[in-house]
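Visitor: Okay, sequence plus prediction incoming.
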Amino acid sequence: MKQTANTLPDDIFELKQTVLCLQNSLQKYEEIIKESQEDFRKKLQEKETELQKRQVELGYAKEMIKLLNHRLFGRKSEARCKHADPNQLSIFNEAEELSLLAENTPTSDEAATVEVKSYKRRGKPKRLAIPDSFPREVVVIDLADRDKFCPEGHALKEIGEDASEQLDIIPAKIKVIRIIRKKYACPCCEGHVRRAPLPKTAIPKSLAGAGLLAYIATSKYGDGLPLYRQEHMWQRLGVNIPRATMAGWMIKVGELLSPVLNLMEEDILESGYVQVDETRVQVLKEDGKPADSKSYMWVRSSSINSLHSREDHGVKIATIFEYDPRRSGEVAKRLFADYKGYLQADGYSGYNEVCSREGIIRVGCMAHCRRKFFEATKTSAKGIGLANEAIGMIRKLYEIEETIKEKEIEDRYRIRQSESKPLLDDFKKWLDDNLEKVPPQSQLGNALHYAHNEWPYLVRYIENGRLNIDNNLVENAIRPFAVGRKNWLFSDSVAGAKASAAIYSVMVSARQNGHNEYLYFRYLLEKLPLAERLEEFEALLPHRLSPQIIPVPPHS
């Protein structure tokens with residue numbers, strides 16, 4: 001009930017009691033209000049935190065959308081970078097990028113605008129050089145008899161000739177090798193018959209010769225031409241070779257290559273310096289896995305004679321593809337069991353356990369680090385300046401590598417210590433200064449934290465002149481597989497995936513060592529069935545066999 005002056009008690013004691021009650025009530029109300037305000041502040045803080053979290057997630061989602069759009073519709077390479085390999089052009093922009101390289105116009109990642117220069121023709125284009133080994137068909141073009149007179153009626157005298165050449169092509173020429181084995185019998189001894197033995201071939205009792213097998217393998221694994229397209233190609237030439245038959249041949253060829261692959265793996269693991277990476281592959285028929293799941297090709301590459309120095313005959317390279325349905329540390333442990341030496345890889349955690357073993361020294365990849373900052377420039381306007389600063393510092397490191405790539409190992413070590421190390425120290429200081437300034441959920445934050453976490457491995461390359469600044473050797477080895485995968489899309493079976501791994505190993509290693517892939521593969525399939533001793537197998541390895549030894553078939 002509301003108190004008024006008339007209703008208040010006249011007794012002082014009762015009045016005091018009333019005042020005390022009012023004070024207690026007021027205190028309770030103040031406590032309730034304070035608690036309510038505190039709850040409101042907590043809830044408001046929670047909402048603000050949640051809002052900030054959502055804003056960060058939204059920003060990250062927007063960055064990912066921009067990055068995915070760039071990957072789908074943007075340039076497929078980083079060729080605009082000054083330190084990028086000029087031979088590494090994007091697959092679909094090859095003609096455009098070649099024209100840009102020919103113009104030799106400077107580009108920069110930091111440039112906000114592009115200056116377009118008018119096109120100027122620079123003389124006549126050079127004609128292709130046609131090898132002298134190609135057969136020539138001579139076509140003589142002479143004046144008509146009535147034109148062999150001058151306007152005055154005098155007969156013209158031949159004083160010379162002008163010659164030019166055109167390059168023509170005849171579709172693949174198919175021939176059948178008919179093998180006839182003589183039989184002999186004793187006219188006196190009944191039943192005593194002898195006949196010449198069949199020569200050893202890559203696939204016994206098969207109509208496929210070494211040349212045909214090499215042609216199919218090179219077309220698929222070297223040129224990315226799927227078997228179903230090759231089936232149509234053979235039909236145009238009048239031969240019916242079903243794709244299932246060709247697939248069976250490739251599986252048998254993969255099995256035949258086992259001794260070569262084992263020796264290549266031994267040389268790689270004994271080299272003491274291996275680069276490793278993995279790439280996805282889809283296998284339709286695999287026990288325990290759905291058809292649309294991912295499996296993997298694990299790839300190891302090594303410069304075999306990088307142990308000592310760069311000799312006159314150049315660096316010999318070996319690359320091994322190995323199929324496994326998993327992408328886990330257990331696979332890495334199996335691939336590098338008992339291995340001792342340097343292991344160069346990206347920041348994938350699957351290599352952590354194997355690299356923690358005694359005797360294995362992990363080396364990082366600066367190209368992966370640089371790629372993180374490059375992707376940050378494609379996602380948001382915020383932080384582009386910082387990302388470009390990192391790219392600029394990494395570019396300077398690559399410029400040094402460009403100047404020392406042909407030098408001896410000791411010289412490379414010395415120059416890196418004097419020139420690269422100060423740049424790396426500046427990069428590390430810059431990294432520490434900016435690490436906490438950028439949200440880790442952003443693309444730029446991801447790049448900064450990747451560089452920070454990988455730093456001990458990223459700088460290890462300056463400790464030894466043998467080591468490379470990145471693992472582009474193995475990434476370049478994967479590129480033919482990635483290009484082929486866009487065409488043939490998947491492997492039907494595990495046996496097919498293993499055969500692909502075997503043939504890619506030999507095909508890529510042959511290319512890395514300067515071989516004509518078809519000629520080498522044909523030579524290998526001719527000689528491998530005849531090999532018996534270890535020395536004979538070793539002599540066939542792509543990094544041991546000189547391209548000059550392989551005979552070139554005459555042109556018909």
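Guide: Structure received. Residues are numbered from 1 along each chain as shown.
Visitor: how much space between the most centrally placed residue in the chain and residue 350?
Guide: Geometric centre of the chain, nearest residue: residue 475, 3.3 Å, by Cα atoms, centre = their mean. Using Cβ to Cβ, to the nearest Å, residue 475 is found at 17 Å from residue 350. Quick note: C-beta positions are derived from backbone N, CA and C, even for glycine.
Visitor: still on that earlier bit, packing partners of the helix or strand hosting the residue nearest to the centre of the chain?
Guide: Following DSSP states H and E, one finds residue 475 within helix 472-488. The contact analysis (3 or more Cβ pairs under 8 Å, 6 or more residues apart in numbering; DSSP states H and E) places helix 472-488 against strand 273-281, strand 295-303, strand 317-324, helix 494-512.
Visitor: could you dump those to a markdown table with distance to residue 549?
Guide: Below are those laid out as a markdown table (distance: least, Cβ to Cβ, whole Å):
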| stretch | distance to residue 549 |
| --- | --- |
| strand 273-281 | 27 |
| strand 295-303 | 21 |
| strand 317-324 | 18 |
| helix 494-512 | 13 |
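Visitor: Would you reformat these as TSV and include mean pLDDT?
Guide: Below are these laid out as TSV (pLDDT from 0 to 100):
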stretch	mean pLDDT
strand 273-281	92
strand 295-303	91
strand 317-324	93
helix 494-512	92
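Visitor: can you tell which of these is closest to residue 413?
Guide: Among the helices and strands packed on helix 472-488, the nearest to residue 413 by Cβ to Cβ is strand 273-281 (13.9 Å).
Visitor: Parallel or antiparallel, which strands does the closest one pair with?
Guide: Applying DSSP bridges, strand 273-281 is found paired with strand 295-303 (antiparallel), strand 341-344 (parallel).
Visitor: For residue 518, find the nearest of these.
Guide: Residue 518 sits nearest to strand 295-303 of all those, at 22.0 Å, using Cβ to Cβ.
Visitor: could you dump the closest one to CSV, C-alpha only?
Guide: Output in CSV follows, covering the C-alpha atoms of strand 295-303 (Å, rounded to 0.1, in the frame of the first residue of the first chain):
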residue,chain,number,x,y,z
SER,A,295,43.0,-42.3,-53.6
TYR,A,296,46.5,-41.0,-54.1
MET,A,297,49.7,-41.2,-56.1
TRP,A,298,52.7,-40.7,-53.9
VAL,A,299,55.6,-39.3,-55.9
ARG,A,300,59.3,-39.3,-54.9
SER,A,301,62.0,-37.6,-57.0
SER,A,302,65.8,-37.3,-56.5
SER,A,303,68.8,-35.9,-58.3
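Visitor: Let me know the angle separating it from helix 494-512.
Guide: On the basis of axes from the mean of the first three to the mean of the last three Cα atoms, to 10 degrees, strand 295-303 is oriented at 30 degrees to helix 494-512.
Visitor: what's the angle between strand 295-303 and strand 317-324?
Guide: Per the same axes, to 10 degrees, the angle that strand 295-303 makes with strand 317-324 is 160 degrees.
Visitor: in strand 295-303, what's buried?
Guide: Across strand 295-303, burial judged by 16 or more other Cβ atoms under 10 Å covers 295, 296, 297, 298, 299, 300, 301, 302, 303.
Visitor: follow-up on the earlier one: to residue 408, which of the helices and strands packed on helix 472-488 lies closest?
Guide: strand 295-303 (13.9 Å).
Visitor: just the angle between the closest one and helix 472-488, please?
Guide: Per the same axes, to 10 degrees, the angle that strand 295-303 makes with helix 472-488 is 140 degrees.
Visitor: what separates strand 295-303 from the chain centre, distance-wise?
Guide: In terms of Cα atoms, centre = their mean, to the nearest Å, the centre of strand 295-303 is found 10 Å from the chain centre.
Visitor: After the helix or strand bottoming out on mean pLDDT in the chain, which helix or strand is next? Please name it.
Guide: Every helix and strand in the chain was compared by mean pLDDT, DSSP states H and E; the lowest is helix 94-103, with a mean of 42. Sequence order places strand 183-185 as the next helix or strand after helix 94-103, per DSSP H and E.
Visitor: what helices or strands is that next one leaning on?
Guide: Packed against strand 183-185 by the contact rule (3+ Cβ pairs under 8 Å, 6+ apart) you find strand 193-195.
Visitor: Can you work out which other helices and strands pack against the strand it packs on?
Guide: Looks like strand 193-195 contacts strand 183-185 (3+ Cβ pairs under 8 Å, 6+ apart).
Visitor: where does the stretch 451-556 of the chain have low pLDDT?
Guide: Counting by pLDDT under 70, the stretch 451-556 of the chain shows low-confidence ranges at 554-556.
Visitor: Give me the distance between residue 415 and residue 409.
Guide: From residue 415 to residue 409 the distance is 11 Å (Cβ to Cβ).
Visitor: meant to ask about residue 236, not that
Guide: From residue 236 across to residue 409, the span is 52 Å (Cβ to Cβ).
Visitor: In terms of neighbours, single out the busier of those two.
Guide: The neighbour comparison of residue 236 against residue 409 (other Cβ atoms under 10 Å) goes to residue 409, with 16 against 9.
Visitor: does that one really touch residue 466, like I thought?
Guide: Yes: with contacts counted by Cβ atoms under 8 Å, residue 409 reaches residue 466, the gap being 5.5 Å.
Visitor: Please state the mean pLDDT value computed over the longest helix seen in the chain.
Guide: Longest helix in the chain by number of residues, with DSSP state H as the criterion: helix 12-73. Taken as a whole, helix 12-73 has a mean pLDDT of 76.
Visitor: And stretch 191-211, by the same measure?
Guide: In this model, stretch 191-211 carries a mean pLDDT of 87.
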